[in-house]
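Peer 1: Sharing a model that was predicted from the sequence below.
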Amino acid sequence: MALREAFAVALDTLWSHKLRSFLTLLGIIISIWTLVAVVSLVQGVNGYVALKIARLGSNVISIQQYSLEDMTDQKLFRVARVRNRPVSMREFDYLRAHDRLAAQVAASAGRTLNTILKAGVHSMTDVSVRGVTSNSLALASFDVRAGRFLSPTDSRHDTPVAFIGADLAHQLFPGVDPIGQSLTIDGHPFRVIGEASPLGNVFGQSQDGFVDIPLGLYRALYGTQDSLSVELQAPSPALLPALTEETRMLMRNLRHLRYQDADTFGIIGADSLMSLWRQLTGVIAAVMVGVSFVFLVVGGIVIMNIMLAAVTERTREVGIRKALGARRRDILSQFLVESAVLSSTGGVLGILLAYGFTRLAAALTPLPFSLPWLAVAAAFLISTAVGLFFGIYPAQKAARLEPIAALRAET
Amino acid sequence: MAGPPMLDAAPGSAAAATAPGGDVVIATRDLWKIYPMGGEEVAALRGVSIAIRRNEYVAIMGPSGSGKSTLMNVIGCLDTPTRGQYWLNQQLVSELDDDELARIRNHEIGFVFQTFNLLARATALHNVELPLVYAGAPAAERTQRALEALRKVDLFDRRLHRPNELSGGQRQRVAIARALINDPSILLADEPTGNLDSTTSNEIMALLDRLWQQGNTILLVTHEADIAEYAHRVIHIRDGQVARDEPTRRGRQAQGAPAQ
């Protein structure tokens, strides 16, 4: 019964001290904001990456010098650096000839750092230059927007032709149809034969800054030491495990590995990419949740502080209420309700901010952001619980006040 | 210790001693209140025994430091005695715990303070209904009874005003309405006119007089002799003890006249 009184007093206090309440709640607001935003962000990005990987083809595996595990673990990488060998042209040819389960076998090599592309007065640096085989298009995520992709003839004869991404078309050939134009890659002349449709950004990183040239020519320009990446496509997702096994056996035979030896190459599939991704975002989410938890504790302490001040300020009010018959638990619940209302208000504000944030992110990026209801409910409950927890001490202090001492308080 | 107290007749309290137990609202026996103060013990009350019957109008008088405020607090169940017994309506309240005392304050005692002690941010109506909130009365009943109480002190029109929008006399009338809302056994008025001008003081005292005529028991704490004259009996407190307990002129007149 007295609870309704407690809520009325709590809302009245909150409203009559708007600025103070807001400042008090900053910690909670930021904490809940980051909590909810991070959860929805990770969920949105996960969904997006899953979509991208699915588009890349769930029936494609890639043979590379290192596995994903090797590349993401320093200790494993130190071992792998000694053990693994680059995937060679000869191995690619062998896989192409003997991998009977593969519908397509494509190879590529590439570099990005310090590449310089020029076309007339325009130039670009750090473009992803890739040597590819003509069947790479079948495995690629982009479509041909204009012109054509590299032909088998281009591959066979290492014709100096280039297929460019949308960024290059804009920056090197502004206002001009790039098809048929020429450009230089690190000083070597190429003719543009085709342009890809834009892929957009992933995490602010443009996916359209690439140029594809025949693989043989790439190796002639940049050397043959770099490992190839060989992509094999299974005719259907169901055959992917068989293809993976067959390819592994072929590679191991080719490299004369004994039964007990580890693979000296890496096989990367869509599922391993996804699980790595999950692991990465899991770490990010854990860190952010940890950070927001720290905010939450700080926010809770600030609330405790302001509630202690409120108890001091309203000692006389407590005295009056006690004189009129309020029991300890009435006063206790009054101040508990007040701190819970205060902090859950912060929670609601944080949720609203997170909602605005995800809407903004959804509008500015191709990521499918949404606010998970579970996160919203959890955030609200957590913020309320923080208020209750940190309100206990001040509320007890108020409840234990002696009626006469409280009535005599000079406030 | 239960039941009506057998009162030792203190000098000057002959009336109380002969009072039938069922008629006694307040009875104390040998009340002591000792405060520890800087390593020493200071006794604010040194064995106070008084009795107040239903529908009495009693003033407690004494200079500051006499212990009258302490006595008032003990009688109001805001404080507990160090020693001695205190019966309120035949209930031994000196032995009760905090929550039980809160219930007694809520049901049995109506406070009127010198500084009004209204909640500044609440309306007159809400201030008046506050004791009912803690009594657990339903909201509709609370509002209805509070409005009635405000009507009795002629403040119905001001029901939605906050204390700072009311005059001193109006505030004290709100406080009186609040004190009466739970139909208490006793109305405790602690210097009720201390913060009021003389005209307003007279109004408030007239109101208390009317309440007494309606059957309320009133205990008035004051240091002003002319205010004490409104009562029918004065208990003088000095050095924590009852110095004199005597009827006022009004009380003598009332005694002289046949009852009812």
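Peer 2: Perfect, thanks for sending it. Numbers count the residues shown, from 1 in each chain, chains lettered A, B, ... in the order given.
Peer 1: Could you pull up phi and psi at B:Tyr86?
Peer 2: phi -140, psi 120 (degrees, to the nearest 10).
Peer 1: Tell me, how many residues neighbour the nearest residue to it once chain neighbours are set aside?
Peer 2: Using Cβ to Cβ, 6 or more residues apart in numbering or on different chains and skipping residues adjacent in sequence, the residue nearest B:Tyr86 is B:Ser94, 4.2 Å away. For glycine as for every other residue, the C-beta is placed from the backbone atoms N, C-alpha and C. Burial of B:Ser94 is recorded as 21 neighbouring residues (other Cβ atoms under 10 Å in any protein chain shown).
Peer 1: give the contact list for B:Ser94.
Peer 2: Residues near B:Ser94 by Cβ atoms under 8 Å, 6 or more residues apart in numbering or on different chains: B:Leu31, B:Thr80, B:Pro81, B:Gly84, B:Gln85, B:Tyr86.
Peer 1: Helix or strand for the spatially most central residue of chain B, just tell me which one.
Peer 2: Most central in chain B under Cα atoms, centre = their mean is B:Leu188, positioned 1.2 Å from the mean C-alpha point. Taking DSSP states H and E as the definition, one finds B:Leu188 inside strand B:186-190.
Peer 1: From the opening residue of stretch B:152-160 to its closing one, how far?
Peer 2: In stretch B:152-160, first residue to last residue: 16 Å (Cα to Cα, to the nearest Å).
Peer 1: ok, now stretch B:83-103?
Peer 2: End-to-end distance for stretch B:83-103: 22 Å, by Cα to Cα.
Peer 1: how about it: buried residues?
Peer 2: Neighbour counts over stretch B:83-103 (16 or more other Cβ atoms under 10 Å in any protein chain shown) mark B:Gly84, B:Gln85, B:Tyr86, B:Trp87, B:Leu88, B:Asn89, B:Val93, B:Ser94, B:Leu96, B:Leu101, B:Ala102, B:Arg103 as buried.
Peer 1: and what of stretch A:86-102?
Peer 2: The neighbour-count check on stretch A:86-102 (16+ other Cβ under 10 Å) flags A:Pro86, A:Val87, A:Glu91, A:Phe92, A:Leu95, A:Arg96, A:Asp99, A:Leu101, A:Ala102 as buried.
Peer 1: which residues touch the residue of the stretch 51-200 of chain B found nearest chain A?
Peer 2: Taking Cβ to the nearest Cβ, chain A has its nearest neighbour within the stretch 51-200 of chain B at B:Asn106, 2.4 Å off. Neighbouring residues of B:Asn106 by Cβ under 8 Å, 6+ apart: A:Leu324, A:Gly325, B:Pro131, B:Tyr134, B:Ala135, B:Asn182.
Peer 1: Give me the subset of the residues you listed lying in helices.
Peer 2: Among these, the ones falling in helices (DSSP state H) are B:Pro131, B:Tyr134, B:Ala135.
Peer 1: For chain A, tell me which of those show up nearby.
Peer 2: Among these, the ones lying near chain A by Cβ under 8 Å from any Cβ of the partner chain are B:Pro131, B:Tyr134, B:Ala135.
Peer 1: close enough to count as contact, the first one and B:Asn182?
Peer 2: Yes. Between B:Pro131 and B:Asn182 there is a contact at 4.9 Å, judged by Cβ atoms under 8 Å.
Peer 1: low pLDDT regions in chain A?
Peer 2: Within chain A, the set of residues satisfying pLDDT under 70 comprises A:1, A:51-58, A:202-204, A:366, A:411.
Peer 1: Tell me where it has helices.
Peer 2: Here chain A has its helices, by DSSP H, at A:2-16, A:18-57, A:68-72, A:74-83, A:89-98, A:152-157, A:166-172, A:215-222, A:240-254, A:270-313, A:315-323, A:328-364, A:373-399, A:403-408.
Peer 1: So which of these is nearest B:Ala120?
Peer 2: Nearest to B:Ala120 among those is helix A:315-323 (8.1 Å), distances taken as Cβ to Cβ.
Peer 1: which strands and helices sit next to the closest one?
Peer 2: The contact analysis (3 or more Cβ pairs under 8 Å, 6 or more residues apart in numbering or on different chains; DSSP states H and E) places helix A:315-323 against helix A:328-364, helix A:403-408, helix B:98-108.
Peer 1: okay, the angle between it and helix A:373-399?
Peer 2: Calculated by axes from the mean of the first three to the mean of the last three Cα atoms, to 10 degrees, helix A:315-323 forms an angle of 80 degrees with helix A:373-399.
Peer 1: on that earlier part again, using a markdown table, lay out the buried residues of stretch A:86-102 together with distance to A:Ser272.
Peer 2: A markdown table is the format used below for these (distance: Cβ to Cβ, whole Å):
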| residue | distance to A:Ser272 |
| --- | --- |
| A:Pro86 | 20 |
| A:Val87 | 17 |
| A:Glu91 | 20 |
| A:Phe92 | 21 |
| A:Leu95 | 19 |
| A:Arg96 | 23 |
| A:Asp99 | 19 |
| A:Leu101 | 19 |
| A:Ala102 | 18 |
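Peer 1: Excluding sequence neighbours, find me the nearest residue to A:Val60.
Peer 2: A:Gln233 (5.1 Å).
Peer 1: can you pull the contacts of whichever residue of chain A sits closest to chain B?
Peer 2: Nearest residue of chain A to chain B: A:Gly325, at 2.4 Å (Cβ to the nearest Cβ). Residues near A:Gly325 by Cβ under 8 Å, 6+ apart: B:Ala102, B:Arg103, B:Arg105, B:Asn106, B:His107, B:Pro131, B:Tyr134, B:Ala135, B:Asn182.
Peer 1: Sort out which residues of the strand holding B:Leu188 are buried, please.
Peer 2: Quick answer for strand B:186-190 (16+ other Cβ under 10 Å): B:Ile186, B:Leu187, B:Leu188, B:Ala189, B:Asp190.
Peer 1: from these, which two are the most distant?
Peer 2: Largest separation among the buried residues of strand B:186-190 by Cβ to Cβ: B:Ile186 and B:Asp190, giving 12.5 Å.
Peer 1: Let me see the contact set for B:Ile26.
Peer 2: Taking Cβ under 8 Å, 6+ apart, we find B:Ile26 in contact with B:Ile50, B:Ala51, B:Ile52, B:Ile75, B:Tyr86, B:Trp87, B:Leu88, B:Ile186, B:Leu219.
Peer 1: Please flag which of those residues sit within strands.
Peer 2: Among the contacts of B:Ile26, DSSP state E puts B:Ala51, B:Ile52, B:Tyr86, B:Trp87, B:Leu88, B:Ile186, B:Leu219 in strands.
Peer 1: Give the bridge partners for the first one, please.
Peer 2: Beta-bridge partners recorded for B:Ala51 (DSSP bridges): B:Ala27.
Peer 1: Report pLDDT for it.
Peer 2: Turning to B:Ala51, the model gives it a pLDDT of 94.
Peer 1: Burial check on A:Ser236, number of neighbours?
Peer 2: Number of residues near A:Ser236 (other Cβ under 10 Å) recorded here: 11.
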